[in-house]
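>>> Here is a sequence with its predicted model. Questions after.
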Amino acid sequence: MGAKKGTNHFKVYQAKKVNQKLEALKMFLDEIPKRQTFSELGNLVSMCAHFIGCHRTTIKRNPAYMKLITAEFYSRNPNLKNVNPTYSFPSQISEAIKIRDAEIAVLSGQLNRINIDLKEAKAKIQYYLSADYRHELLKSEAVIESKPQVENTAIKDFEYTVHSLKLLLDYVDKKGFGIGIRNDGSNKIIADDGLGGISVEIVESKYLLPYLKYFKKLDK
């Protein structure tokens, strides 16, 4: 008895070939030592394509092939983070979510510590360049000038202060806090770049001027 009228013989043939290759893939995957893992899904896809004699693109375009290969890949890498939701089992996706949640918790803790360091850095900068602190330095200098025999500790204190501030600014710049000396027209200020947003002035140019004059003098 002949084939039914309207039957797509090529489609039937193609489906048969796919099923045959699926069975061959199952046998091939079962024969791979269970301890063998693959760093990337593409490596396993290439190995399978070579075994059944087709291009890896053919494998990747066929959902049936990919579901089988991907399931095998993740079964050999149970802690892998980058699962593909299209081909993965719910248990694999759930495991990946747990790993991501743990990573987010760690990053959140690191971000909190950075924010604390940033607040401390801002407070130190504001303290060292505050009017009150400068006033105290001037008072100390005036007392010392009245006693020429006494070592001018106020000047040393000022030098230590500006060098401490420079070290602090270098540190926050190295850490990427976005705080440092910035141009404000023809003046210089200390500002917070605001993580890519609008800069916020921390120290006015008039308070920063003695610091800049000191280092300009050293450069001469």
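Thanks, I have it.

>>> So Gly178 is in contact with Asp192, correct?
Yes: assessed by Cβ atoms under 8 Å, Gly178 is found in contact with Asp192 at 6.1 Å. Bear in mind the C-beta positions are built from the backbone N, C-alpha and C, glycine included.

>>> which of these two has more neighbours?
Higher neighbour count among Gly178 and Asp192: Asp192, with 21 against 17, using other Cβ atoms under 10 Å.

>>> Tell me, what's the model's pLDDT at that one?
Asp192 carries a pLDDT score of 83 in this model.

>>> Quick check: nearest residue in space to it, chain neighbours excluded?
Nearest residue to Asp192, sequence neighbours excluded (Cβ to Cβ, 6 or more residues apart in numbering): Val200, at 4.6 Å.

>>> List phi and psi for that neighbour.
phi -120, psi 130 (degrees, to the nearest 10).

>>> Could you shift the numbering so residue one becomes 29, and keep it that way?
From this message on, residue numbering opens at 29, which makes the last subject Val228.

>>> my read is Gly208 is in a strand, agree?
Yes: using DSSP: H, G, I helix; E, B strand; the rest coil, the assignment for Gly208 is a strand.

>>> Name the residues of the helix or strand harbouring Leu96 that are buried.
Using DSSP states H and E, Leu96 sits within helix 91-104. Judged by neighbour count (16 or more other Cβ atoms under 10 Å), helix 91-104 contains these buried residues: Tyr93, Met94, Lys95, Leu96, Ile97, Thr98, Glu100, Phe101, Tyr102, Arg104.

>>> can you list the domains in the protein?
Taking automatic domain parsing as the reference, the chain has its domains at 38-116, 157-247.

>>> Asp145: which of these is closest?
Using Cβ to Cβ as the measure, domain 157-247 is the one of those that comes nearest Asp145, at 7.1 Å.

>>> what ranges do the strands span in the protein?
207-212, 215-220, 228-231 (DSSP state E).

>>> Using JSON lines, please lay out these together with distance to Asn71.
JSON lines is the format used below for the strands of the chain (distance: least, Cβ to Cβ, whole Å):
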{"stretch": "strand 207-212", "distance to Asn71": "45"}
{"stretch": "strand 215-220", "distance to Asn71": "47"}
{"stretch": "strand 228-231", "distance to Asn71": "49"}
